[in-house]
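Peer 1: predicted coordinates and the sequence they were generated for:
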Amino acid sequence: MTNHSPVRIAIASGKGGTGKTTLATNLAAYIAEQEEVVLVDLDVEEPNSGLFFKGELIYEEPNFKMIPQWDEPKCTFCGLCQKVCNFHAVLQLGPTILVFPELCHSCYTCSELCPTEALPMISKRTGKLSNFRINNLHFVESRLDVGEEQAVPTISKTKQYSNENYAHLRIEIDDCPPGTSCPVIEATKNADFVILITEPTPFGLHDLTLAVETMRALKRPMGVVVNRYGIGNDDVIRYCQKENIPILAKIPNSRKIAELYSSGKLIYQEIPEVKELLSTILDYCLKASKGGIA
Amino acid sequence: MKIAFTAKGTAWDSMMDPRFGRTMFIVVYDEQSETFSSFDNSVVENEAHGAGTATAQKIFELSPDVLITGNGPGSHAAQALKQINIRIFTEAHNMTIKQAFEKFKNGELKEI
């Protein structure tokens, strides 16, 4: 390969609980049977890919963000900080300045514009990044501390960590957050291919539609995996056909799969049919993403 | 005594707005002068974040003695309101401002 970054396959969904982690963990483990691969859990609000691997912790570091800290003696109570904060993270209530660290987006505006330098920026811990190794599988996750509200800076930093450490690998699998809001955008915006996993129900279809619109706005190549195929109805299939979105695989609804997942096991190792589906999905993603063909 | 209500309108028989941060209006009744004033809070609709602290700031500027609302302020707004000398009563849902005022007078609202 001539380019020096992995093909990034992002696994996202509109609706939560449709199988992002199932697919991400199984796909990554399947690839790791042949070559080194990195799996990154970007669902930093509730990372769960790590539940499926017992690996060796090889690196850990805290995640930080910068926030202003009020230096009371320097303050002249001019009110500028409150006025310029777009996020209402700095309030002036009479002779007190209150900073709300969870609301702060680390834009530095209040700090830079304060005429008396009464709001210097300091770092605040927001969570931790961990890197595990399980033979060929490198696993990176970030976990927000309880009470932290902003996933985006942590997702961005986690991506950067993976870029810096795993540029030599051929494939990266990203387990993304659900929904269509800022964390999903951050997680998928540079992906080479996005797999949207859904279930064939009205809820699944509704949220899939939103996710498809989001990925179109981001101009990401994408495909759909239908999970729990057999329940619900055919509306998801019809929607994908109408919108010309490839359906990469249909994972059957099966009690066995649910049991394996809930006991923390990888599915493809026990169900050959799923292994074949993974192979089909991977082939498609690599062909469809830029630079994916070695 | 000045009493602030989170409301969906600006008259005595307007419904209370159970939300604090994203309330449509803040209505202030001044018992002494028996006058009503209101503040249109619809600007917070454009705010993705920080609606609670923005509304707490407004409450601070309006400086009522009592705040009557529905669900109650969230943790950030509550932290801001703590800086102000104000009593906060909640659970005034599904009723008009007038009914909320009467319940407050009868001591039937929950103070936080």
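Peer 2: Now that the structure is in, tell me what you want to look at. The model shown is predicted, which means the values in this text are computed figures rather than measured ones. Numbers count the residues shown, from 1 in each chain, chains lettered A, B, ... in the order given.
Peer 1: please report how far the residue located most distally from the centre of chain B lies from residue B:59.
Peer 2: In chain B, the residue that sits farthest from the middle, by C-alpha atoms, centre = their mean, is residue B:48; the gap is 20.5 Å. Remark: distance between residue B:48 and residue B:59 (C-beta to C-beta, to the nearest Å) = 21 Å. Backbone N, C-alpha and C define where each C-beta goes, glycine included.
Peer 1: then residue A:165?
Peer 2: With C-beta to C-beta as the criterion, residue A:165 and residue B:59 are 49 Å apart.
Peer 1: which one of those two has more residues nearby?
Peer 2: residue B:59 (25 against 14; other C-beta atoms under 10 Å in any protein chain shown).
Peer 1: sec struct for the more buried one, please.
Peer 2: helix (DSSP: H, G, I helix; E, B strand; the rest coil).
Peer 1: residues in contact with it?
Peer 2: B:4, B:26, B:67, B:81, B:84, B:86 (C-beta atoms under 8 Å, 6 or more residues apart in numbering or on different chains).
Peer 1: show me which of these neighbour chain A.
Peer 2: Contacts with chain A within those, as defined by C-beta under 8 Å from any C-beta of the partner chain: residue B:84.
Peer 1: the contacts of residue B:59 in strands, which ones?
Peer 2: B:4, B:26, B:67 (DSSP state E).
Peer 1: closest to residue A:243 among those?
Peer 2: Set against residue A:243, the nearest of the ones in strands among the contacts of residue B:59 by C-beta to C-beta is residue B:26 (45.3 Å).
Peer 1: so how far is chain A from the closest one?
Peer 2: 15 Å (C-beta to the nearest C-beta, to the nearest Å).
Peer 1: you'd agree that residue is up against residue B:54?
Peer 2: No. Residue B:26 lies out of contact with residue B:54 (C-beta atoms under 8 Å); the separation is 11.4 Å.
Peer 1: checking the closest residue to chain B within the stretch 51-200 of chain A next. Helix, strand or coil?
Peer 2: Nearest residue of the stretch 51-200 of chain A to chain B, counting by C-beta to the nearest C-beta: residue A:88, 3.0 Å away. Classification of residue A:88 using three-state DSSP returns coil.
Peer 1: can you report phi and psi for it?
Peer 2: phi 50, psi 40 (degrees, to the nearest 10).
Peer 1: what is the burial count for the closest residue to it other than its chain neighbours?
Peer 2: Closest residue to residue A:88 apart from its sequence neighbours, by C-beta to C-beta, 6 or more residues apart in numbering or on different chains: residue B:50 at 3.0 Å. Residue B:50: 26 surrounding residues under other C-beta under 10 Å.
Peer 1: which parts of the chain are strands?
Peer 2: Answering for chain A, as no chain was given. A:7-12, A:37-41, A:56-68, A:90-93, A:96-99, A:121-134, A:137-144, A:171-175, A:193-198, A:222-229, A:247-252.
Peer 1: you answered for a different chain; I wanted chain B.
Peer 2: B:2-7, B:25-30, B:35-40, B:66-68, B:87-90, B:110-111.
Peer 1: mind putting these into JSON lines with mean neighbour count, distance to residue A:181 and mean pLDDT?
Peer 2: What follows is the strands of chain B, written out as JSON lines (neighbours: other C-beta atoms under 10 Å in any protein chain shown; distance: least, C-beta to C-beta, whole Å; pLDDT from 0 to 100):
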{"stretch": "strand B:2-7", "mean neighbour count": "25", "distance to residue A:181": "26", "mean pLDDT": "96"}
{"stretch": "strand B:25-30", "mean neighbour count": "21", "distance to residue A:181": "28", "mean pLDDT": "95"}
{"stretch": "strand B:35-40", "mean neighbour count": "14", "distance to residue A:181": "27", "mean pLDDT": "92"}
{"stretch": "strand B:66-68", "mean neighbour count": "23", "distance to residue A:181": "31", "mean pLDDT": "96"}
{"stretch": "strand B:87-90", "mean neighbour count": "19", "distance to residue A:181": "29", "mean pLDDT": "94"}
{"stretch": "strand B:110-111", "mean neighbour count": "10", "distance to residue A:181": "33", "mean pLDDT": "91"}
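Peer 1: any chance of CSV for those, columns distance to residue B:76?
Peer 2: Shown next, in CSV, are the strands of chain B (distance: least, C-beta to C-beta, whole Å):
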stretch, distance to residue B:76
strand B:2-7, 16
strand B:25-30, 17
strand B:35-40, 20
strand B:66-68, 15
strand B:87-90, 14
strand B:110-111, 20
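Peer 1: of all those strands, which one is nearest residue A:285?
Peer 2: strand B:2-7 (50.0 Å).
Peer 1: for that closest one, packing partners?
Peer 2: strand B:25-30, helix B:51-62, strand B:66-68, helix B:97-105 (3 or more C-beta pairs under 8 Å, 6 or more residues apart in numbering or on different chains; DSSP states H and E).
Peer 1: pull the residues that contact the third one.
Peer 2: Read that as strand B:66-68. B:1-6, B:16, B:59, B:81, B:86-90, B:92, B:100-101, B:104, B:109.
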